[in-house]
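K.L.:
Below: sequence and its predicted model.
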Amino acid sequence: MSVASTHYDAVIIGAGMSGLAAAVRLGMFGQKVLVLERHNSAGGLNSFYARGQRKYDVGLHALTNWVPEGTKGAPLVKLMRQLRIRREELDLCPQLGSRVTMAGRNLRVNNCFADFEADVAREFPRSIDRFRALDAYLSGLDEAALEARGGSARALLDERLGDPLLRDMLLLPTCFYGSAVEDDIEVSQFAVMWRSLFKEGFARPFIGVRQVIRLLIDRCREHGVERRMKCGVRRLEVRGDRVSAIALDDGTEVTAERVYSSAGAIETLRLRSDQAPLVGASEVGRLGYAETIATYEPQAFANFGWQDTIIFFCDDERFSYRAPADLVDPRSGVICIPNNYHYGAGRALDEGWLRVTALANHDAWCRLPEAEYLAQKQAWCARLNRVARAHLPAVADAVHDAAQTSTDVFTPRTVRKFTGHLNGAIYGAPTKRRDGRTDVANLFLIGTDQGFLGVTGAMLSGISMANLHGLKA
């Protein structure tokens, strides 16, 4: 005798930022919502994990799109209004100051576009008028429009600026913080990054990504959203042009009027009963990352004199943004020091933190036997740490090593294991679907492969798709 499955207005695959935000938005309007998550923690690509007493953030270097209180119409303001989150609940602390560094030149990225522009004028005086014209052009685009057109940002910058080094210094942070395309970023996504990194800026909740996750989970509870952790989707049963049922890992089945998937475009396609198991192989993203995390005794760390919040660096003559042949490409990357935010009087992190992110080869990491995999993690942790220190005030090796209290590393293999993203590709497939539609009438994409970027963008993705496909009359 079969047992009738539970029916929902919306089933959401993945308890990441986009999934939780979509769930909150739909729940606010009385819809019956179920969130399914294969792992035991929420947050997806922007989560955290514990080792002993330490909580390690995954993904969150900074929450982008920071604007001063009272700013109107900014993405962060829209997000808070749509989810009914008060600014003080996010506990956002603005950065001390970041920079892009390459070929001996530096551009400040410090929540003040005038300073960024002044640095371009100093470092590239012949290009400043063209830079200002580029800013006017990008500022005139509706970067969040669902019908936004593609195109090559590299080609746009070559045409508009005519300076390869300035082009590379603008591509460096925007690619590392949002591009799924090798050696380029799509124009509308570049416009998103232009606003979120350069025109607005960086902030961080004092306790990191946990603050955002807690808020979203609290809102889910308030609005009666059901969450099932350690319960993934085994198969989407497709009949005709609709998902007729969702088969779960535990052997049960549910049905829904609409299904929103944050699993990724190809990952979602492969869940469908009407598709071949390895469909879409040529469309899978190739860009994965390794990240090292080191902690330090707090007083010694304070004496290091490391004041940058984030450093986007390239040590090569040209910026190459491709899946490397080796395990890791140390020539460029992102250095993040979470201590360097304006936390306010009496507040400071318990330890010093240094995070270094670089491009990595998913297949090469996955081919390693377990013992070699662990050994290479430790070797690259030390090597990337040395690369980062070359961009920071010098500290004697003996002093540095004595102050270090822990290290950890994640690789594309880690990302694939805990998020399900094929190839461990943080930013998913190169082709995005801005309206979230698939060829199945009641199946929609949210998150990475819908195309909005960053923590703020992920939440806005969930909100926008919930509004468009679940709440629009």
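P.N.:
Structure received.

K.L.:
drop to CA atoms for contacts and neighbour counts, all remaining ones
P.N.:
OK.

K.L.:
in the stretch 101-250 of the chain, which spans are strands?
P.N.:
105-109, 203-205, 226-229, 233-239, 242-248 (DSSP state E, counting those that start in this stretch).

K.L.:
what's the most buried one of those?
P.N.:
strand 203-205 (a mean of 24; mean count of other CA atoms under 10 Å).

K.L.:
measure T6 to P338 for me?
P.N.:
For T6, the distance to P338 (CA to CA, to the nearest Å) stands at 44 Å.

K.L.:
So this protein: which segments form each domain?
P.N.:
The chain breaks down by automatic domain parsing into domains covering 6-61+209-283+429-471, 112-197, 286-418.

K.L.:
Tell me which of these lies nearest to V77.
P.N.:
domain 6-61+209-283+429-471 (10.2 Å; CA to CA).

K.L.:
Now do the end-to-end distance for that closest one.
P.N.:
21 Å.

K.L.:
returning to what we had before: out of the domains of the chain, flag the one nearest L83.
P.N.:
domain 6-61+209-283+429-471 (6.3 Å).

K.L.:
tell me the helices in the stretch 351-473 of the chain, going along the chain?
P.N.:
362-367, 370-389, 397-403, 412-419, 454-466 (DSSP state H, counting those that start in this stretch).

K.L.:
Can you point out the buried residues in the third one?
P.N.:
If you call a residue buried by 16 or more other CA atoms under 10 Å, then helix 397-403 has these buried ones: 400, 403.

K.L.:
model confidence over it, on average?
P.N.:
The average pLDDT for helix 397-403 rounds to 96.

K.L.:
Ok, the second one next?
P.N.:
Regarding helix 370-389, the rounded mean pLDDT is 97.

K.L.:
the inter-axis angle of it versus helix 412-419?
P.N.:
If you take axes from the mean of the first three to the mean of the last three CA atoms, to 10 degrees, helix 370-389 sits at 110 degrees to helix 412-419.

K.L.:
For helix 370-389, give me every contacting residue.
P.N.:
292-293, 328, 330, 335, 356, 365, 407-410 (CA atoms under 8 Å, 6 or more residues apart in numbering).

K.L.:
and which of the residues you listed is nearest to R108?
P.N.:
For the contacts of helix 370-389, the nearest to R108 is I335 (14.3 Å; CA to CA).

K.L.:
returning to that earlier point: to G208, which of the helices of the stretch 351-473 of the chain lies closest?
P.N.:
helix 454-466 (11.8 Å).

K.L.:
Which elements pack onto that closest one?
P.N.:
helix 17-28, helix 75-83 (3 or more CA pairs under 8 Å, 6 or more residues apart in numbering; DSSP states H and E).

K.L.:
neighbouring contacts of the first one?
P.N.:
I take that to be helix 17-28. Helix 17-28 is contacted by residues 12-13, 33-35, 43-44, 46, 82-83, 213, 216-217, 219-220, 223-225, 260-262, 446-447, 455, 458-467, 470-471 when judged by CA under 8 Å, 6+ apart.

K.L.:
hmm, back to that, between T6 and P338, point out the one with more neighbours.
P.N.:
P338 (24 against 10; other CA atoms under 10 Å).

K.L.:
For S406, which residues are in contact?
P.N.:
So S406 contacts 294-296 (CA under 8 Å, 6+ apart).

K.L.:
What about those, which are in strands?
P.N.:
Among these, the ones falling in strands (DSSP state E) are 294-296.

K.L.:
could you dump those to a markdown table with neighbour count?
P.N.:
Listed next are the ones in strands among the contacts of S406 as a markdown table, based on neighbours: other CA atoms under 10 Å:
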| residue | neighbour count |
| --- | --- |
| A294 | 20 |
| T295 | 19 |
| Y296 | 21 |
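
K.L.:
Can you give me the neighbour number for the closest residue to C314 other than its chain neighbours?
P.N.:
Distances taken as CA to CA, 6 or more residues apart in numbering put S332 closest to C314, at 4.1 Å, once the chain neighbours are dropped. Using other CA under 10 Å, S332 has 24 neighbouring residues.

K.L.:
What distance do you get for S332 to Y321?
P.N.:
Distance from S332 to Y321, by CA to CA: 8 Å.

K.L.:
Overlap in contacts, these two.
P.N.:
L359.

K.L.:
So for A245, which of the helices of the stretch 351-473 of the chain sits nearest?
P.N.:
With CA to CA as the measure, helix 454-466 is the member of the helices of the stretch 351-473 of the chain nearest A245 (19.8 Å).

K.L.:
roughly how far out does that closest one sit from the chain middle?
P.N.:
11 Å (CA atoms, centre = their mean, to the nearest Å).
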